[in-house]
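Asker: mind looking at a prediction? Sequence and model below.
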Amino acid sequence: MPYPAEVYLSVDAEQALKNKLIFDITNHRGERSQWVDELRKYQKDYWAKPGEDVKKFPFYGAANIVIPLTAIVTEAVHARIMQRLFTLDHLVSAKFNDATWSQYDRAIERCLDWQILEQMKLRDRIEDAILECIKLGTCVVKDGYKRLVKSVEIDGNLVETVQYQGPWIEPVPLVNFLMPFTSQDPQTAPWCGEEHASSEYETLLMEKSGLFRAGTFEKLNGFYGTLYSTNLSSESYRQDTDRLEKQVPSWPRRVGWYEIYTAIAFDETEPSKKKEVVILYHFDSNTILSIRDNWDEGRRPYEIANYIKVEHRWAGIGVAKQNDQFQAEVTMQHRQRLDAGSLANANMIKVKKLSSISPNEPVFPGKMWFLDEMDEIETFQLGGTYPAASNNEQQTLYYAQQRSGINELTLGMPQAGTPGTATSDMARVQESGIKFDYNYNNIRSLLSRLINNTVGNIARFGLSDTRYYDMVPEGPALYQFFSLPPNLLRSGVICKFEVVGQSANKMLDRQNWQTLQQVFAAYYQNAMGVAQLMGNQQLLFAIGLQSINASTIALKQMLESFDIPNSSKLTLEAMINGLLPALSGQAGGGQMQGGGQEALPQAGVSLPPQISSSNPI
């Protein structure tokens, strides 16, 4: 389906909207400038690039190294989180509240894995956001709809082909995200949005795809600068980052524009009646690129996650902030220690003025000096080394490890100094894992929210390729499920979708059921022994049948974790259910022994229910 229809305002209403956009954007630029400078400093700390190529103070060639504490911790945490999230091909876990759909849980999970991992390329799209969350403390991700149309020549004819259309997830660079600092939630903010910078070709594609109004490409033709657009605060940040990375583009013709989510009044006589809209706006030319109703029932598509939460603030604390002071201090102490060593090894020669030695006298091993007096030449040192300097540096590193939670054990390095015992090392790893689990669960919660939002977007826009329904046996049921109201699917009333955790990890699931089978076997063997001592044959029969029931359910669960179809044909379920009437008749009519003449209930009543994977054990 194409983008939702355009909304056109009257001339006066559109001018009033433009005035409001100019006011809001200009004010927010002013209040966010220092915050952007802070992010720029964090990026510089991450790259750990010296301020000058060769230092000339305190002497020429002094130590110039920057200790990259921020990069060390960021890359370690990033690798662990990505490994834990995407080790398995299976990403989505579905927990159904509605029994009607629970029988299709695996089919729905596989469909979402295909859509999110294969079609939407979640791993590639989300990695930038996760890295930014760890480094800068906050990440913003947007979900919604994307349509990409290109013109290609087929059999001599120029044809517009749809490359992709359907649900989409896009990381928003933190510096591009816009929301007044008086607000904490995009859903309740007076307005929010993001800055964009597009090349000429990207602008053309967006017009062809229907995102921009017709004629936008021509209208913006005079605003593609040979340098980055200066009207975006994110572009100066991008320029500095490009210089750090040595990736400054030689021909950066781009144009800046804004995507704004807000509520506006369409009737001047009733200003209190407002509706949610999506506005695409070019600031330099004061041009509305498009206005559309918010197609997602007023929900703004931004999700925010923090590495470390800050109370009453939407922006959190990341590794760069944690190591801000420590990286500077360790760098200074390390340079001082290197400089002290350089000076200690830099022996110099002093001579008397009246000696025959010239200022350019060559010095080399084995040289013979002819002197009038033996004390005419002496050596002297400029400085010495001090053991306390190394201790101070180690103490600073210790404080940095306390703040970040990353130490030599979590990095897989041998412990500095006297190694501890295995028990103490395990305790340290366990305690450091608590902080990592907190960070990981923050990001996992973000992905779970994105999955639920994607389910709602599939219901609204459809799969990116509807031929999937024809390729799987459960296709009609899947089509019916994704035809349910989007808000109903997103709310979690029918099913809660989340990223697989340890409880939903199929490999661990197999191990758990294998362990449980042994527990069940020991439990029922003990019960059978007690029943034999009691001499009650009917009790023995009931326990034996229940043990088969429990073992069958456990085996079916384990077979399902291996994705083996028709698991009921590999168990005793059908045979036992067929023999139950005959077995029940043989077991009836007995008397309890050793407990009086009270008759037992009928065997058919006392026996456990028929074997079914839906019965609890």
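Answerer: In hand now; what should we look at?
Asker: which of the helices or strands spans Tyr145?
Answerer: strand 138-154 (DSSP states H and E).
Asker: next: Gln518.
Answerer: helix 506-534.
Asker: what's the longest helix in the chain?
Answerer: helix 422-461 (DSSP state H).
Asker: run the chain-centre distance for it.
Answerer: 8 Å (Cα atoms, centre = their mean, to the nearest Å).
Asker: counting contacts, what elements does it pack onto?
Answerer: helix 69-86, helix 105-113, helix 122-136, strand 138-154, strand 157-172, strand 302-306, helix 486-491, strand 495-499 (3 or more Cβ pairs under 8 Å, 6 or more residues apart in numbering; DSSP states H and E). Any C-beta I mention is one placed from the backbone N, CA and C, and that applies to glycine too.
Asker: now Trp35: how far from Arg29?
Answerer: Separation of Trp35 from Arg29 (Cβ to Cβ, to the nearest Å) stands at 11 Å.
Asker: can you check Pro173 too?
Answerer: From Pro173 to Arg29 the distance is 16 Å (Cβ to Cβ).
Asker: what about the two, which has more around it?
Answerer: Of the pair Pro173 and Arg29, Pro173 is the one with more neighbours under other Cβ atoms under 10 Å, namely 19 against 15.
Asker: hmm, that one is touching Glu132, no?
Answerer: Yes: taking contacts as Cβ atoms under 8 Å, Pro173 lies within contact range of Glu132: 7.2 Å.
Asker: the residue nearest to the spatial centre of the chain: what's it in contact with?
Answerer: Note on the chain: the residue nearest the mean C-alpha position is Ile130, at 3.9 Å, using Cα atoms, centre = their mean. Neighbouring residues of Ile130 by Cβ atoms under 8 Å, 6 or more residues apart in numbering: 78, 81-82, 139, 443.
Asker: per-residue pLDDT of it, please?
Answerer: Ile130 carries a pLDDT value of 96.
Asker: A strand includes Ser198, no?
Answerer: Yes: residue state for Ser198 (DSSP: H, G, I helix; E, B strand; the rest coil) corresponds to a strand.
Asker: for it, give the beta-bridge partners.
Answerer: When assigned by DSSP bridges, Ser198 has beta-bridge partners Val255.
Asker: next one: it from Pro362, what distance?
Answerer: 64 Å.
Asker: more neighbours: which of these two?
Answerer: Ser198 (18 against 6).
Asker: distance check, the more buried one against Ser448.
Answerer: Distance from Ser198 to Ser448, by Cβ to Cβ: 31 Å.
Asker: farthest residue from the center of the protein?
Answerer: Relative to the chain centroid, the chain (Cα atoms, centre = their mean) has Asp372 farthest, 77.5 Å.
Asker: three-state assignment of the closest residue to that residue other than its chain neighbours?
Answerer: Excluding the flanking residues, the one nearest Asp372 by Cβ to Cβ, 6 or more residues apart in numbering is Ser355, at 7.5 Å. Judged by three-state DSSP, the three-state class of Ser355 is coil.
Asker: picking up where we left off before, just put the helices and strands packed on helix 422-461 in JSON lines and tack on distance to Val278.
Answerer: Listed next are these as JSON lines, based on distance: least, Cβ to Cβ, whole Å:
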{"stretch": "helix 69-86", "distance to Val278": "30"}
{"stretch": "helix 105-113", "distance to Val278": "26"}
{"stretch": "helix 122-136", "distance to Val278": "21"}
{"stretch": "strand 138-154", "distance to Val278": "9"}
{"stretch": "strand 157-172", "distance to Val278": "14"}
{"stretch": "strand 302-306", "distance to Val278": "12"}
{"stretch": "helix 486-491", "distance to Val278": "17"}
{"stretch": "strand 495-499", "distance to Val278": "25"}
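Asker: to Ala16, which of these lies closest?
Answerer: strand 302-306 (25.5 Å; Cβ to Cβ).
Asker: so which elements touch that closest one?
Answerer: Against strand 302-306 (3+ Cβ pairs under 8 Å, 6+ apart) you get helix 122-136, strand 138-154, helix 422-461.
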